[in-house]
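Chemist: Provided below are the primary sequence and the corresponding predicted coordinates.
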Amino acid sequence: MNVLSGIVCIVCVVALEIPKPYRLSTTSRGLTWLGLQWGILGDDVADGYVVCYRLAPSNAEETLPHCLSVSNNAHSANITGLNPCTVYLINVTCTSKQFKDVFQPSQILSFQTLQTAPTILVQLNCSAAGPTSLHLRWTERDPASCPAERYRIRYKSDDNTKPLWAQNTTGTKGYLMTDLRPWTTYDVSVTPWNQGGRGFKSNVVDCKTEQGVPSVAPVIIKIMPSSVNITVVWNAIEESKTNGIIEGYRLMAVSYALLQSVSKSVTTNNTSPFTFTFTFTQLHPFTEFNISVAAYTEKGDGPASYTIVTTQQAAPREPRDVFVSGILARSVYVHWKPPLLEDQNGIITAYIITTVSVGEQAIEHPDIRKTITPAFIRTILLAGLTPYTHYYIYVRASTMAGIGRPCQEITCTTKQDSPSCPESVEATVISSTAVLLEWHEPLEPNGLLTGYNATLTSASGKIQTLKYTSTTTRETIYGLLPNMNYTVRVNAENVAGRSTKCSDTNFHTFPIRSEPPGNFSATALGQSTIVVNWTKPRSLYGQLAGYRVVYRVDGYNDSNSFVGVAAESTSVTIRGLSPRTTFNITVFVIAEDSTSGHVTEGLPAPYQLVTTAGM
């Protein structure tokens, strides 16, 4: 048997896969053309390729495709006559006679031709959007141009020679410029850009930001405090830091201790002085104030300058709770509390206690005394006062700035004390048994006088006390012994006691006087002689020591003349008288006390008138 006869022939028919382009991409691009290439997925039995393209719906309303045929031995194609910067939708389809109308298109992909630089004209508008921002808007006048993908913004302030740049990468026709300087004019322009390059620059606009608050604080150059005022001097803000029109300056004086705040505004009145001055008034003395100065525009206040200053001391207010205690005749205690802390107006250095006495001469001659004590004293003993005197007492505090006003007056009356001695005590002997006692009131009665005591002491040691009323200053004492030495002492009394250590006044009573001589006669002899005769008296007080004849021209009582006569004689002749002159003549007995030796005149004989003969 033939071996081949046993071989069975098997015919295998393999199914061909329909080709399909894939990995469609561009090899190159131009303004009006695109270079494409692709691969084949499946058996490469295509007779050729058809490349179809059309505008993307976003570019135009045209949706009908354009197609071109490509030979089967090429996997690439160039599409020409396209529009620049235009997006096209492209796909590739295989053609084959074997599969007739059965074909597989590639994936539809979009490709864009190269761009030209924008030829659009940009119209720029600008408006302020705040103190540090500007709002830009622009319009395009040539929509047929390649669109701009971004915009470059150039801006420069008036005082800056180097321009600044910003970019709008969103492609929108507006931009918010930020981080600018307030109240500053900027030159702004916009230039469009795309992949094709830079377009035409827009018009240049001047745009100014809104006012802002000042960026720096004023500089305080001088602070001048007084007790109730603080004067502040400061420099104006540098113009480049004002950030607007300075409408004024706001000042504050704050005391945290007193919870006091004073706010004032100083307007500039459209002027621009280099320095400004303002004075806070009616402040509290000796108080720390925090002073601030800030400039402001229509947008508000800028930062403030601060300084701390203390007002000067002033005279304090009156002490509190003043009262007296322990009132005696010559002293009184005065107590007080210092003024409240907010009323001290400084550091208390001392207290002044003033006493004003009210007496009979208080209005014309008030007794004013001042006592100064250290600041830590709150109680003082006022000594050396006058007894039984009404006093007004004032307490005042003082600081280095001066003495404050007094407290409300405190009144008190000192107690009575024993009076001083009566003044000008005189004892006038008026007879052998009586004396006239006179005195004046004490200079210091020290109260209400209740009376006087006169203590009479004789040389023999007998003591007698006589009492008189407070209104008595003249009294006659009777019943004394004749020819006796006496001592009298007058004391004043009130309810507090009797005056002490008063001086004594001495006097001597007259002795008992002898009777006048008897049978007294006077006879003129001629023109210049008078003969006087008498007899011894009937009784004498003591021993007869002689006589005394006294004569004077009648009518001239102050021109007495006398002649002494011995005890054993009873007549005398007076010679050398003037003729035709009347004389008044008498005679006294001179007697001597045998015990004391005291010599006294007796009673006079009756006066007689005798006229000498004429020539």
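Modeler: Cool, got the structure. Remember, predicted model here, so these are calculated numbers, not experimental data.
Chemist: quick one: mean pLDDT for stretch 212-229?
Modeler: Across stretch 212-229, the average pLDDT comes to 95.
Chemist: what about that stretch, how long is it end to end?
Modeler: Start to finish, the residues bounding stretch 212-229 are 33 Å apart (C-alpha to C-alpha, to the nearest Å).
Chemist: distance from it to the middle of the chain?
Modeler: Distance of stretch 212-229 from the chain centroid (C-alpha atoms, centre = their mean, to the nearest Å) equals 18 Å.
Chemist: what residues of it count as buried?
Modeler: Neighbour counts over stretch 212-229 (16 or more other C-beta atoms under 10 Å) mark 212-215, 217-218, 220, 225, 227-228 as buried. For the C-beta atoms, the positions are set from N, CA and C on the backbone; glycine is no exception.
Chemist: which residues sit in contact with Ala545?
Modeler: Contact analysis of Ala545 by C-beta atoms under 8 Å, 6 or more residues apart in numbering lists 567, 590-592, 599.
Chemist: give me the buried subset of these.
Modeler: Applying 16+ other C-beta under 10 Å to the contacts of Ala545, the neighbour count classes 590-592 as buried.
Chemist: rewinding a little: which pair in the buried residues of stretch 212-229 spans the largest distance?
Modeler: Among the buried residues of stretch 212-229, the pair separated by the greatest distance (C-beta to C-beta) is Gly212 and Ser227, at 40.1 Å.
Chemist: how about the helices in the stretch 151-300 of the chain?
Modeler: Shown for the stretch 151-300 of the chain, no helices are assigned by DSSP state H, counting those that start in this stretch.
Chemist: er, the stretch 351-500 of the chain actually
Modeler: With DSSP H, counting those that start in this stretch applied, the stretch 351-500 of the chain shows no helices anywhere along its length.
Chemist: quick one: the strands in it, in order.
Modeler: Using DSSP state E, counting those that start in this stretch, the strands of the stretch 351-500 of the chain run over 367-374, 379-383, 390-399, 402-403, 410-413, 423-429, 435-440, 449-458, 463-468, 474-477, 485-494, 497-498.
Chemist: indicate which one of the ones you listed is closest to Arg29.
Modeler: strand 390-399 (95.9 Å).
Chemist: how about the closest one as CSV, C-alpha atoms only?
Modeler: Taking Å, rounded to 0.1, in the frame of the first residue of the first chain, the C-alpha atoms of strand 390-399 are listed here in CSV:
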residue,chain,number,x,y,z
HIS,A,390,-13.1,131.6,122.5
TYR,A,391,-11.0,130.2,119.7
TYR,A,392,-11.5,129.3,116.1
ILE,A,393,-9.2,126.5,115.0
TYR,A,394,-8.3,125.7,111.4
VAL,A,395,-6.2,122.9,110.1
ARG,A,396,-4.6,123.0,106.7
ALA,A,397,-2.3,120.6,104.8
SER,A,398,0.6,121.7,102.7
THR,A,399,2.7,120.2,99.9
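Chemist: and Val531, backbone torsions?
Modeler: Val531 adopts backbone torsions of phi -110, psi 130, taken as degrees, to the nearest 10.
Chemist: returning to what we had before: the strands of the stretch 351-500 of the chain into JSON lines, with extra columns for distance to Pro57, mean neighbour count and mean pLDDT?
Modeler: Converted to JSON lines, those look like this (distance: least, C-beta to C-beta, whole Å; neighbours: other C-beta atoms under 10 Å; pLDDT from 0 to 100):
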{"stretch": "strand 367-374", "distance to Pro57": "105", "mean neighbour count": "13", "mean pLDDT": "86"}
{"stretch": "strand 379-383", "distance to Pro57": "108", "mean neighbour count": "13", "mean pLDDT": "94"}
{"stretch": "strand 390-399", "distance to Pro57": "95", "mean neighbour count": "21", "mean pLDDT": "94"}
{"stretch": "strand 402-403", "distance to Pro57": "97", "mean neighbour count": "15", "mean pLDDT": "94"}
{"stretch": "strand 410-413", "distance to Pro57": "109", "mean neighbour count": "15", "mean pLDDT": "93"}
{"stretch": "strand 423-429", "distance to Pro57": "140", "mean neighbour count": "15", "mean pLDDT": "93"}
{"stretch": "strand 435-440", "distance to Pro57": "141", "mean neighbour count": "18", "mean pLDDT": "94"}
{"stretch": "strand 449-458", "distance to Pro57": "137", "mean neighbour count": "18", "mean pLDDT": "94"}
{"stretch": "strand 463-468", "distance to Pro57": "147", "mean neighbour count": "12", "mean pLDDT": "92"}
{"stretch": "strand 474-477", "distance to Pro57": "149", "mean neighbour count": "14", "mean pLDDT": "92"}
{"stretch": "strand 485-494", "distance to Pro57": "134", "mean neighbour count": "21", "mean pLDDT": "95"}
{"stretch": "strand 497-498", "distance to Pro57": "136", "mean neighbour count": "16", "mean pLDDT": "93"}
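Chemist: in the helix or strand hosting Arg23, what counts as buried?
Modeler: In this assignment (DSSP states H and E), Arg23 forms part of strand 20-29. Buried residues in strand 20-29, counted by 16+ other C-beta under 10 Å: 20-21, 24.
Chemist: got a markdown table for these, with distance to Pro516 and pLDDT too?
Modeler: Output for those, formatted as a markdown table (distance: C-beta to C-beta, whole Å; pLDDT from 0 to 100):
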| residue | distance to Pro516 | pLDDT |
| --- | --- | --- |
| Lys20 | 198 | 80 |
| Pro21 | 196 | 83 |
| Leu24 | 190 | 86 |
